Structure formats: structure tokens, C-alpha cells
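Colleague: Build me a structure from this.
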Amino acid sequence: MSSSSSQKKEWHGTTILAVRRDGVTAVGGDGQITFGDMAMKHGAEKVRTLRDGAVLAGYAGSAADCMALLERLEAKLDEYNGQLQRAAVELAKLWRMDRMLRRLEAMLIVADRENILLMSGSGEVIRPDDPLMGIGSGGGYAEAAARAMLDHSEMTAGEICEAALKIAARLCIYTNDRITVRVLE
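Modeller: Okay, the predicted model is just below:
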């Protein structure tokens, strides 16, 4: 597993952010779905709870591909007794080696109370050095805003996640302000 920075494929129409503070993890996303240069949907929910609410997952990429990966991740979580890191590594191996899965165009942020992980189809499972990570076309904006709030406020993880996503929506043309945030206390 790598903790270094990696090149991230940009998924237009999506911003996903994960933040952890004081033992609480929040994952949020905007609601915009684009097709080419047109916004097709504004209220999509790109953040899901898995394993009876013990794991949060946000996705960027093709919705059908993401749903297929989330189903497989949930199966791996069951197989490895809820151990997110192990399940993520095993899914990444499968994703990289399986002919059909290799074609899936998606990126996931998955998180539990201890971990935030980025998963991609190139076999990466990245745990960030800091307690936050953003993906998608507005991910950098959201991550920068969240980093400032972590350093200079007493806001909760959920509050930071929502506020940072709203800032990203003001800057990124592929991100809207219909925010969904899920929190693990």
C-alpha cells in the first residue's frame, strides 16, 4: 500500500471528499452527473453506506461501473470480517487482474472509523498521509478547503466536508451544490 501521492484520473461531474477528525469520519459528494459538456442530473447520491453503516464509499466515474465495484467491495468486506484495508487490497487485486473488471471506469474513496482509502482500476490502494482525501474534477478544491478548515477551525468532520464541497461547487464547473454527506461517529 502506498501513502504517497499518485496521479489521479479526473472524472468530470464529480467531487467526492472524505474527512476524519476526532474519531469521526465523513464522506460527501456533489449531485451533478454530466454527459459530455451537459449536466444531465443534479441530485445524484454518490455516497453509499456499506456493511450496515460501518463503511462509507464515494464514487467517481461511470455509475454502473461504480455500483458493480461497490457490490464486490461489500462481498470482500463480508469475506474479511469488515477489515476495510484487507478487503480493499483484495478487491484491487481482482479489479486489476479480472478481464471484465479491468474495463470498469471508476475511482472510489472508501472509509471507516480508522481508514480513508483511494481505490482505482490501476490497482492502487492509497492511504493518505493526512486525514482527508478528495477525488474527481473538484476534488483538489474540496481537499484544499478542507485542509484549511482542519488546520484553522474547530468544525466537525461532517461540517468540514459539507463546507468544503460547497466551496468546490463555487469553483469547479463540473460540481454542484446539492451535497450529500454521510458520517460515521
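Colleague: Show me what the helix or strand harbouring A144 is packed against.
Modeller: Applying DSSP states H and E as the criterion places A144 in helix 139-152. Packing partners of helix 139-152 (3 or more Cβ pairs under 8 Å, 6 or more residues apart in numbering; DSSP states H and E): strand 15-21, strand 132-136, helix 157-171. Heads up, the C-betas are built off the backbone N, CA and C, glycines and all.
Colleague: May I have it as CSV, with CA atoms only?
Modeller: Extracted in CSV, the C-alpha atoms of helix 139-152 (Å, rounded to 0.1, in the frame of the first residue of the first chain):
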residue,chain,number,x,y,z
GLY,A,139,-11.5,17.0,-5.6
GLY,A,140,-8.5,19.3,-5.4
TYR,A,141,-10.6,22.4,-4.5
ALA,A,142,-12.6,20.5,-1.8
GLU,A,143,-9.4,18.9,-0.4
ALA,A,144,-7.7,22.3,-0.1
ALA,A,145,-10.7,23.9,1.5
ALA,A,146,-11.0,21.0,4.0
ARG,A,147,-7.3,21.2,4.8
ALA,A,148,-7.6,24.8,5.7
MET,A,149,-10.7,24.1,7.9
LEU,A,150,-8.9,21.2,9.7
ASP,A,151,-6.0,23.5,10.5
HIS,A,152,-7.9,26.7,11.4
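Colleague: Nearest to G121 among the helices and strands packed on helix 139-152 would be which one?
Modeller: Closest approach to G121 among those (Cβ to Cβ): strand 132-136, 12.8 Å.
Colleague: what residue lies at the spatial centre of the chain?
Modeller: I109 (2.8 Å; Cα atoms, centre = their mean).
Colleague: Give me the contacts around the host helix or strand of that one.
Modeller: If you go by DSSP H and E, I109 is part of strand 106-111. Residues from elsewhere that reach strand 106-111, judged by Cβ atoms under 8 Å, 6 or more residues apart in numbering: 8-9, 11, 16-18, 20, 25, 27, 50, 55-62, 65-66, 69-70, 73, 84, 88, 116-121, 133, 135-136, 184.
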